[in-house]
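Peer 1: Could you work out the structure for the sequence below:
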Amino acid sequence: MRVEVILSPDEVVHHDLTGRICVVIDVFRFTTTILTALEAGIERFLPVAEVDEALGLKQANPQLMLAGERQALKIPGFDFANSPLEHYGRCYPGGELAFTTTNGTKAVQSARGAAQVILACLRSAEAVAAYLAREGRDVVFLPAGVYGRFSLEDTWCAGFIAKLLPAEEYGDGAKAALLVCDHIPREGLVNSEHGRRLQALNLWDDLHFCLECGVSSGIVAWDQETGWGALVRER
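Peer 2: Just a heads-up that it's a prediction; the model follows:
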């Protein structure tokens with residue numbers, strides 16, 4: 001197994017994802033939120049790029065729920081923002097969720113061409129590592145970043161999962177992510193660029209929830225053909 005980490009999401013175009021599992025990570029907060037919503041009973045989700053696209057889908061299907069953020073804030077007219085705590089502890093009778101965020105949903109779309117697309121966060125990190133080990137394919141981690149740039153928390157998460165894999169080879173990006181994970185304490189991720197933004201919005205509860213590690217067994221996969229994602233129902 002070869003493991004690579006794309007340190008800046010804008011660099012994905014320079015990587016060949018063919019035949020590999022691409023793991024999209026947006027710890028603060030998209031991949032954490034979607035995992036939590038699915039575990040609360042949402043049946044599937046559709047990542048979309050633009051607000052107008054989501055609103056158009058809602059107009060065509062009033063039963064569709066909308067979630068997302070711009071500048072880390074809830075979008076007017078949407079059912080939910082991008083907080084996992086909106087879903088934690090709830091019990092939905094199914095339903096579909098269209099989601100648009102500044103970084104995470106774009107990263108999912110940019111993973112097209114991979115053999116599989118998996119969404120990961122710290123809460124599911126150990127479960128994702130076990131899933132990747134069972135699959136046995138080469139892995140490319142795609143941190144969602146911040147406006148196309150490097151993000152500390154997403155790279156740390158990639159490094160943490162990479163440490164748990166039976167890798168035979170690490171690319172340079174993976175080696176860097178491993179160093180980030182080894183030398184920065186998980187609690188210190190609250191002071192990343194994105195973490196400080198959430199602090200300024202007084203979203204401390206979100207931060208602490210997103211930084212909990214290995215507490216979920218959920219595996220989230222995105223189907224490139226249909227555009228929808230859901231929890232993996234393993235054989």
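
Peer 1: going forward, measure contacts and count neighbours with C-alpha atoms only.
Peer 2: OK.

Peer 1: how about low-confidence regions in this protein?
Peer 2: 234-235 (pLDDT under 70).

Peer 1: Need the residue closest to the centroid of it.
Peer 2: Taking C-alpha atoms, centre = their mean, the centroid of the chain lies closest to Thr31, which sits 2.9 Å from it.

Peer 1: Phi, psi for the closest residue to Asp223 other than its chain neighbours please.
Peer 2: Leaving aside its sequence neighbours, Asp223 sits nearest to Gly229 (C-alpha to C-alpha, 6 or more residues apart in numbering; 5.8 Å). Main-chain torsions, Gly229, degrees, to the nearest 10: phi -120, psi 160.

Peer 1: so how far is Thr31 from Gly229?
Peer 2: Note on Gly229: its distance to Thr31, by C-alpha to C-alpha, to the nearest Å, is 11 Å.

Peer 1: Quick check: neighbours shared by these two?
Peer 2: The contact sets of Gly229 and Thr31 do not overlap (C-alpha atoms under 8 Å, 6 or more residues apart in numbering).

Peer 1: Where do the helices of the chain begin and end?
Peer 2: 30-39, 51-60, 104-110, 125-135, 152-163, 172-183, 193-200, 204-210 (DSSP state H).

Peer 1: Using a markdown table, lay out the ones you listed together with distance to Phe80.
Peer 2: What follows is the helices of the chain, written out as a markdown table (distance: least, C-alpha to C-alpha, whole Å):
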| stretch | distance to Phe80 |
| --- | --- |
| helix 30-39 | 10 |
| helix 51-60 | 12 |
| helix 104-110 | 15 |
| helix 125-135 | 25 |
| helix 152-163 | 23 |
| helix 172-183 | 32 |
| helix 193-200 | 17 |
| helix 204-210 | 14 |
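
Peer 1: And for the nearest residue to Thr102 once chain neighbours are set aside, the neighbour number?
Peer 2: Leaving aside its sequence neighbours, Thr102 sits nearest to Arg70 (C-alpha to C-alpha, 6+ apart; 6.0 Å). Residues near Arg70, counting by other C-alpha atoms under 10 Å, number 15.

Peer 1: What of Leu64?
Peer 2: Number of residues near Leu64 (other C-alpha under 10 Å) recorded here: 17.

Peer 1: Correct me if wrong: it contacts Lys58.
Peer 2: Yes: between Leu64 and Lys58 a contact is recorded at 5.6 Å, counting by C-alpha atoms under 8 Å.

Peer 1: tally of neighbours for Arg149?
Peer 2: The tally of other residues near Arg149 (other C-alpha under 10 Å) stands at 15.

Peer 1: swap in the one 4 residues further on?
Peer 2: One way to gauge burial is a neighbour count; for Glu153, by other C-alpha under 10 Å, it gives 31.

Peer 1: and the gap between the closest residue to it other than its chain neighbours and Trp156?
Peer 2: Distances taken as C-alpha to C-alpha, 6+ apart put Leu189 closest to Glu153, at 5.7 Å, once the chain neighbours are dropped. Computed as C-alpha to C-alpha, the Leu189 to Trp156 distance reads 8 Å.

Peer 1: if you count what's nearby, which of these two comes out ahead?
Peer 2: Trp156 (27 against 20).

Peer 1: contacting residues for that one?
Peer 2: Trp156 sits next to 177-178, 180-181, 186 when contact means C-alpha under 8 Å, 6+ apart.

Peer 1: what's the answer for Glu69, then?
Peer 2: Glu69 makes contacts with 75, 81-82, 100-102, as judged by C-alpha under 8 Å, 6+ apart.

Peer 1: Any chance of those residues in TSV with distance to Thr36 and neighbour count as columns?
Peer 2: Below are these laid out as TSV (distance: C-alpha to C-alpha, whole Å; neighbours: other C-alpha atoms under 10 Å):
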residue	distance to Thr36	neighbour count
Ile75	19	19
Ala81	13	23
Asn82	11	26
Thr100	16	27
Thr101	16	26
Thr102	19	20
